[in-house]
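Engineer: this is a predicted model, with the sequence first.
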Amino acid sequence: MGLFDLFKKPAIVNDDFFGALRLVDFKDASKGYFEGKGHFAPTGNDIEYIIQADKNGPTNEQKQFYRDLQSNFNQTLTKLNH
């Protein structure tokens, strides 16, 4: 990031699954990620996302991981507590 990058308006991507995501971009594309907010249904809380992805946005696999996490949240907690 250079000095003038501080004055750039952040790129916002409207993802079909996660909604509005802000791109945090680096010269090294492997370091880029998206930030966003959403509702986590199993707990009833709003949460923040940090999703490592290139400029194309989150992958279908990342979206499926999040769906599975919500669907299986209680089972996941049980496994983590044992």
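Structural biologist: The structure has been received and is ready for your questions.
Engineer: name the element the residue nearest the centre of the chain belongs to?
Structural biologist: Per Cα atoms, centre = their mean, the C-alpha nearest to the average position across the chain is that of I51, at 3.2 Å. According to DSSP states H and E, I51 maps onto strand 45-52.
Engineer: likewise for Q64?
Structural biologist: Short version, using DSSP H and E: Q64 is in helix 60-71.
Engineer: ok, the residue nearest to P58 when sequence neighbours are not counted to N74 distance?
Structural biologist: Take P58 and drop its neighbours on the chain: the residue closest to it by Cβ to Cβ, 6 or more residues apart in numbering is I51, 5.0 Å away. Backbone N, C-alpha and C define where each C-beta goes, glycine included. Separation of I51 from N74 (Cβ to Cβ, to the nearest Å) stands at 23 Å.
Engineer: can I get the helix holding Q64 in PDB, CA atoms only?
Structural biologist: Output in PDB follows, covering the C-alpha atoms of helix 60-71 (Å, rounded to 0.1, in the frame of the first residue of the first chain):
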ATOM      1  CA  ASN A  60     -18.700 -21.400  -3.900                       C
ATOM      2  CA  GLU A  61     -16.700 -23.600  -1.500                       C
ATOM      3  CA  GLN A  62     -16.500 -20.800   1.000                       C
ATOM      4  CA  LYS A  63     -20.200 -20.100   0.700                       C
ATOM      5  CA  GLN A  64     -21.000 -23.800   1.200                       C
ATOM      6  CA  PHE A  65     -18.700 -24.000   4.200                       C
ATOM      7  CA  TYR A  66     -20.700 -21.100   5.800                       C
ATOM      8  CA  ARG A  67     -24.000 -22.800   5.000                       C
ATOM      9  CA  ASP A  68     -22.700 -26.100   6.500                       C
ATOM     10  CA  LEU A  69     -21.400 -24.300   9.600                       C
ATOM     11  CA  GLN A  70     -24.800 -22.700  10.200                       C
ATOM     12  CA  SER A  71     -26.700 -26.000   9.500                       C
END
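Engineer: for that helix, what does the pLDDT average out to?
Structural biologist: Helix 60-71 comes out with an average pLDDT of 96.
Engineer: quick one: find the helix or strand in the protein with the lowest mean pLDDT.
Structural biologist: Using mean pLDDT, DSSP states H and E, helix 73-80 stands out as the lowest-scoring helix or strand of the chain, at a mean of 90.
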